[in-house]
Each structure stands twice: as C-alpha cells, then as structure tokens.
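In: quick one, structure for this:
(chains A, B, C and D)
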There are 2 protein chains.
Amino acid sequence: MSARVTAAEVARAAGVSRSAVSRTFTPGSSVSTSTRNRIEAVAARLGYRPNALARTLITRRSRIIGVVMAAIDNPFHAQLLQCLDAALQARGLAMLLRGAARPEMTDELIHHLLSYQVDGVIVASGLFSSSAAKACVGVATPVVMLDRLMRAAGASAVGSDNRAGARMAAEHLVALGRRRIAFMSGTPGISTSSERAHGFLDGLAEAGLAPIAIASGRYEYAAGQGAAEALLAHAPDAIFCENDLMAMAVLDVARARGVRVPDDLAVIGFDDIPAAALPAYALTTVAQDARAMADAAAALLEERIEKPARRASRRLIACTLVRRRSA
Amino acid sequence: MSARVTAAEVARAAGVSRSAVSRTFTPGSSVSTSTRNRIEAVAARLGYRPNALARTLITRRSRIIGVVMAAIDNPFHAQLLQCLDAALQARGLAMLLRGAARPEMTDELIHHLLSYQVDGVIVASGLFSSSAAKACVGVATPVVMLDRLMRAAGASAVGSDNRAGARMAAEHLVALGRRRIAFMSGTPGISTSSERAHGFLDGLAEAGLAPIAIASGRYEYAAGQGAAEALLAHAPDAIFCENDLMAMAVLDVARARGVRVPDDLAVIGFDDIPAAALPAYALTTVAQDARAMADAAAALLEERIEKPARRASRRLIACTLVRRRSA
DNA sequence: GTGAAAGCGCTAACAC
DNA sequence: GTGTTAGCGCTTTCAC
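Out: This next block holds a predicted model:
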C-alpha cells in the first residue's frame, strides 16, 4: 500500500500534464485559476506534496541550511539554536543540524553537510579550518560563522561585540571602586575568548590597572570551580568571567568560603543565560542578544545565497550590561 | 567557477564509466581493487562527493530523520537533543530539525519534513494529531514519539517510566515522614504530565494520603513561581514538582519567605537537569536518562525503517531518584 | 568486473 | 495557458 504519490499521478487524475501540476506548486508560474483549482483539489485528495529533493536536483536550491553547533547543552547555545530555528523557519528554510562533540570534527561534518547540497552553512562551533573553507568555496556554498570568527577567509561572520562588552564589564568594576581584579577566561584559541580578554584588559588598562590573576575555566561550570579556587587564593575584590556558567561557579565557591558578594567580591559574567537571573545568583552580566545574532546570521546567509557574487561581510551585535546584585 | 563536480566528470577523468564511480561509493558493490583505487584517487583530487539527494531519488532512502522538538531552550530538551544528535550521527543519519513554538504547529511541521523525504520522524513536542499520523502512515514513514505518547495509533514511543518515577518521589516523601504534601503539575493534556500525576497520586494513596493542594506551573520557572505561592499558602511540609525548573522556583520562593528546606519543606523535582546539582539548589529529583531515551528512539526508528512490516512498539526507560539536600 | 541504458520525481525551456 | 521534451546526478538491472 501507500506508495508516495507523484506529480504524474496527480496529472493523470486531473486530466492535465505534469507541467501543469508543477506550475501549480511553483509560486509565480502561469496557470489558469480553473486548472489550478482542479489540480489543487486532486492533489489534496491524493495527499500529494512535491518531492523537495527531486526539485532540488533541477533548481539547484535545496532550501536546506546546514548548522554545526558545539555543546548544544550549554544554555546560551540552546537559546541560539532556538532563535536560529525561528529565523530559518521564518525564511522557509530547513535546518540540517550536526552537533560537534569535538572541535576538530567540524571539518568532517561540513563535508557531510555539503553532500546534502545545503544552500549554506552556519558554523557555531570550534575551529573552521582552511580545508573546510576551501570545500565550501569549491562548491560555492556560503558560510557564516556565528559567535566564532574564522581563520580562513571567505566566510561571513556574525558575533557579539565581545570587545566592547567585556570593556563595559571592566569599566563597571572600576567605577565600583574595585582594584584587585581577577579574570577567568574561556577556551583558549577561540576567537570569542580572545576578544573578550582584549576588551577587558583594555578597559582595565584605561584605568591604569591590570588583572591580579588569570585562570581558564573552559566555559564550563565544573572547570570554573577549579579556576575560581585558584583566583580566590589571590584575594581579589572582583572577578570577571567570560561566561555565566563560570561566574556561577565563582559565586558558589565564594559562598562556600564565606566570601560575601558583592561586598567582598564583585562578580560579572557574560551571556545572560536564564539561570543568571535566578535569585540564588542574581548575576550581573554582559548580555548577548541571541535573537539578533540568529536573525543576522540567517539574513547574511540568505543574502549571499541570493547574490553569490557578494563578498563575505560581518555583523557585530551590541551587548548590554545587565546589572543585578553580584556587582 | 567551481560547479559541483559530478560522477560523470570523475568517470571521464579516470577513464571509466559512471557505473564504476557509483559502485566505488556504494558499499558492497563489486569493483576491482585497482579501478576502485584509481577512481578514489581521481575523486579526491577533484573533490568529488556523491550527491546524497540524487542518490535518495533512486534508492528511496534519504538517511535523513526529521525531528520536531518543543522548547529547545528547556535544559532537559537541550540535553535530549544533544543525545539525539549523537545517536543519529552514530548511525550515519542526518537530522532535519524543526522547533515547534506552539504545539498546534506540529502537524504542519510534519508535512514539511515529509516533503524532504525523511526516512523517519521523531516527535518530542506537543500533540501529534491523527491527521499528521495519517500523513506519515500514508507515505509509510515511521514515527517515534519521544517523551510524549500519541493519541493516534501507529507510532512507536519512547519515554521515561514517569509513573514509577513519580511514585518513587511519593514514597520517598512518605518515608521522610511528610504528611502535608502538595503537588505542582506541568502542562495539562501532555501525556507525560498525567503519567507523573497518576504515579505520584498512587504512591501517596498507598500510604493513605492525598495531596493537600495542587497547582500547575506549566513546566516553566516563571509560571512555577506563581504556582509555588499558591501551594505555600497551604503550609505543606513537602512539594513534588513535575520538573526541576518548577522545583527551583519553589525553592526560591520558599527561601524568600524564610521557609527552611528541607526542615520545614521537602522539595522533589523531575528530570535532573544540570542546574539541579548546583549547590544553591541541591535538588532531590527523579532523574531521566536522556542518553538512553535518545538511543532507544534512534534504535526503534531504525528498526522500523529497515523492516517496515514491523509493528509500532514502545520502550520505557527507568528513572532513578537522585538524593540531594532538598528532600 | 564493467559499461550501456533506463529511470527516480521534478522543473524549465520551447513550441503551440 | 498548456503540453512536450530534455535533462538534474545518481543507482541499478542487464548484457557482456
């Protein structure tokens, strides 16, 4: 039973040609209203839907976007993914998702996506090697790096203004009168991380300050606890963390040690994940606008899909400082 | 520049027929080692990869699985999605993801996925209407409901043993000597919710008890706060919540009111999301095994894809009570 | 083991 | 406006 119904069957049942059926389902094609109605009626009765894959073969447009994302369980990434889904759906694009457990996997994943003839790729994960970039350029598939800058040229990029955001954090701490300021970095080698580091260091330098201690928490809560211990040993009066998960770890470790926040220690995070607003944390943080980032990524990609000649461009999304009790 | 390279070009460059190229990339086809080597070398040089979509047209297998998921930003859903990604990748399957902002959307989403010739569908969202079910059956596409039972027949299902899990929560509270027990439910109409409710009520009934108050928190933190206020007005000595997000809301509201946990109030959640383990919450909860759920869903789906004759089946994954400080 | 030929379901010229 | 024709890139009988 139940073979997939094809345009030919609809055509036969409606007494028209295949082309008529095709045109009925192709926006902007010329069909008379009467035949269109008849065809639509028959199609509905038979449960016909055009085969998107067969269509891709001839139109050379799959309307599928490949998305590579790391650590989907990171709350900010999950938000980003959700916004991305909304942005793509709004444009009638489908999302082929591949999580990247390890950053080195990104390459292989890209190649796999390419075999599905994706119209574009959004990379929100790890490193994007020049070999992967070359593969995309080779098949003229636009790429946009989301929340990650790339090493190889040719890809568009969308990210938060990490530099300005981190600088705001620094300025806020300085304005609070803090002087013994420590810094918890994310994953070394990720552009996002170095941007935040630079912005923060610049902000401190402007006030004639420098961090009294630095440690990496790899953007995770667990690693952040260890890093927090290390930093707290230097008796700082403030700590800026490159994301909220690590800042929450600092808050928890400080609480366990009887360090009072914000009196003894001011803490600032980055992202503004939902958990940052919990009363148990009330974390002051540099908020990223996930919605705007996702929209911009989808828009940039669509633009380059429409006009392949267009050069890769870059969009920076502004961050805002959200003040809560921790600083 | 850079048109997509096809099998025909590889064939020409290697001095063989298209069929030879095809066989080289089709596992289990007979090609002599020497020609295979020559073809692979040429393919690598030219950057050839078979067009997965064109292949689908003839094999009638896309190796794409459609996934419909609600509230990706819910931490447990994000975990589930990550595990699903891993399970599908391990089987060489691609994931076409569609978030469902509203449960009623599920139908339309399914139809859209179907036009991409997905080999199967995993639904972890909202309601699955009989019309959508019919559409899937019509094109012989297997469906598995994940963490959601369905109304129409024909779909396989994977879920936690919500009944037993909730019952364990009830038994634990009773064993703790609690008698004034309240209950916060999730979203009415979702099977998961009614299963947990039944299990919990059964567990209490066994000890001759019944909830002193019931309120719905719609599985969200914000709604959970309101529900917590309502329940706390009844001065319960324990509250069981249908998920962790709501239990965290209870903890926060209780803390704000000076209610001591667990002395005055024991709290138990459901899911065991990462945040439940945070020292600020230390939430006792009924853990769901996201990994096992995702694996089972992928396995069930693959099984039905291979043997379409097979009847829909159902897998229940065991829950475990994770004891922390809140109960 | 290898090539020739047919066709998966669809759209896009091209005539009429 | 509508039908006819020719592929999109691939796999798969079928001969050899």
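In: so what's residue A:49 up against?
Out: Residue A:49 is in contact with A:43, B:111, B:114, B:115, counting by C-beta atoms under 8 Å, 6 or more residues apart in numbering or on different chains. In short, each C-beta sits where N, CA and C put it, glycine included.
In: and those, which two are furthest apart?
Out: The distance between the two most remote of the contacts of residue A:49 (C-beta to C-beta) is 13.9 Å, for A:43 and B:114.
In: and the helix or strand where residue A:84 lies, what does it pack against?
Out: Residue A:84 is located in helix A:75-90, with elements delineated by DSSP states H and E. If you count contacts as 3 or more C-beta pairs under 8 Å, 6 or more residues apart in numbering or on different chains; DSSP states H and E, helix A:75-90 packs onto strand A:64-70, strand A:94-100, strand A:120-124, helix A:244-257, helix A:290-306, helix B:75-90, strand B:94-100.
In: what about the strands in the stretch 101-250 of chain A?
Out: A:120-124, A:143-146, A:156-160, A:181-185, A:213-216, A:238-241 (DSSP state E, counting those that start in this stretch).
In: can you list the contacts of residue A:49 in TSV and add distance to residue A:309 and pLDDT?
Out: Output for the contacts of residue A:49, formatted as TSV (distance: C-beta to C-beta, whole Å; pLDDT from 0 to 100):
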residue	distance to residue A:309	pLDDT
A:43	37	94
B:111	35	90
B:114	35	95
B:115	30	96
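In: got the angle for the helix or strand bottoming out on mean pLDDT in chain A vs strand A:64-70?
Out: In chain A, no helix or strand scores lower on mean pLDDT, DSSP states H and E than helix A:130-138, which sits at a mean of 76. Here the directions of helix A:130-138 and strand A:64-70 differ by 170 degrees (axes from the mean of the first three to the mean of the last three C-alpha atoms, to 10 degrees).
In: what packs against helix A:130-138?
Out: Secondary-structure packing of helix A:130-138 (3+ C-beta pairs under 8 Å, 6+ apart): helix A:106-115.
In: mind doing that once more with 10 Å?
Out: Other elements packing on helix A:130-138 under the criterion 3 or more C-beta pairs under 10 Å, 6 or more residues apart in numbering or on different chains; DSSP states H and E are helix A:106-115, strand A:120-124, strand A:143-146.
In: buried ones in the shortest one?
Out: It stands for strand A:143-146. For strand A:143-146, a neighbour-count test (16 or more other C-beta atoms under 10 Å in any protein chain shown) marks A:143, A:144, A:145, A:146 as buried.
In: partners of that strand, with directions?
Out: Using DSSP bridges, the strands paired with strand A:143-146 in its sheet are strand A:120-124 (parallel), strand A:156-160 (parallel).
In: with mean neighbour count and distance to DNA strand C added, can I get those in TSV?
Out: Formatted as TSV, those follow (neighbours: other C-beta atoms under 10 Å in any protein chain shown; distance: least, C-beta to the nearest atom of the strand, whole Å):
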stretch	mean neighbour count	distance to DNA strand C
strand A:120-124	27	19
strand A:156-160	24	26
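In: in JSON lines, list those strands along with mean pLDDT.
Out: JSON lines is the format used below for the strands paired with strand A:143-146 (pLDDT from 0 to 100):
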{"stretch": "strand A:120-124", "mean pLDDT": "93"}
{"stretch": "strand A:156-160", "mean pLDDT": "93"}
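In: reformat the ones you listed as a markdown table; add distance to residue B:309.
Out: Below are the strands paired with strand A:143-146 laid out as a markdown table (distance: least, C-beta to C-beta, whole Å):
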| stretch | distance to residue B:309 |
| --- | --- |
| strand A:120-124 | 38 |
| strand A:156-160 | 48 |
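In: with respect to residue B:211, which of the ones you listed lies nearest?
Out: Ranking the strands paired with strand A:143-146 by proximity to residue B:211 (C-beta to C-beta) places strand A:120-124 first, at 43.8 Å.
In: hmm, residue A:318 and residue A:296 touching each other?
Out: No: under the criterion of C-beta atoms under 10 Å, residue A:296 is not in contact with residue A:318, lying 11.3 Å apart.
In: what do these two both touch?
Out: Shared contacts of residue A:296 and residue A:318 (C-beta atoms under 10 Å, 6 or more residues apart in numbering or on different chains): residue A:289.
In: those two: which is more packed in?
Out: Neighbours were counted for residue A:296 and for residue A:318 using other C-beta atoms under 10 Å in any protein chain shown; residue A:296 has more, 22 against 12.
In: chain B versus the more buried one, what's the distance?
Out: According to C-beta to the nearest C-beta, to the nearest Å, residue A:296 and chain B sit 19 Å apart.
In: which residues are in contact with that residue?
Out: By C-beta under 10 Å, 6+ apart, the contact set of residue A:296 is A:87, A:144, A:146, A:156, A:157, A:158, A:159, A:289, A:314, A:315, A:316, A:317.
In: in a markdown table, list the residues you listed along with distance to residue A:305.
Out: Shown next, in a markdown table, are the contacts of residue A:296 (distance: C-beta to C-beta, whole Å):
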| residue | distance to residue A:305 |
| --- | --- |
| A:87 | 14 |
| A:144 | 10 |
| A:146 | 16 |
| A:156 | 11 |
| A:157 | 16 |
| A:158 | 15 |
| A:159 | 20 |
| A:289 | 24 |
| A:314 | 17 |
| A:315 | 16 |
| A:316 | 22 |
| A:317 | 21 |
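In: and which of those is nearest residue B:212?
Out: The nearest member of these to residue B:212, counting by C-beta to C-beta, is residue A:289 at 43.8 Å.
In: surely that closest one meets residue A:320?
Out: Yes: contact criterion C-beta under 10 Å: residue A:289 and residue A:320 qualify, at 7.8 Å.
In: next, show the common contact partners of these two.
Out: residue A:272.
In: higher neighbour count, those two?
Out: residue A:289 (16 against 13).
In: can you pull the contacts of the more buried one?
Out: Counting by C-beta under 10 Å, 6+ apart, residue A:289 makes contact with A:83, A:160, A:272, A:295, A:296, A:317, A:318, A:319, A:320.
In: could you redo the last one with a cut-off of 6 Å?
Out: residue A:317 (C-beta atoms under 6 Å, 6 or more residues apart in numbering or on different chains).
In: phi, psi for it please.
Out: The phi and psi values for residue A:289, taken as degrees, to the nearest 10, are phi -100, psi 90.
In: out of the helices and strands packed on helix A:130-138, which is closest to residue A:281?
Out: Nearest to residue A:281, of all the helices and strands packed on helix A:130-138, is strand A:120-124, at 25.1 Å by C-beta to C-beta.
In: okay, the angle between the closest one and helix A:290-306?
Out: Angle, strand A:120-124 to helix A:290-306, by the same axes, to 10 degrees: 150 degrees.
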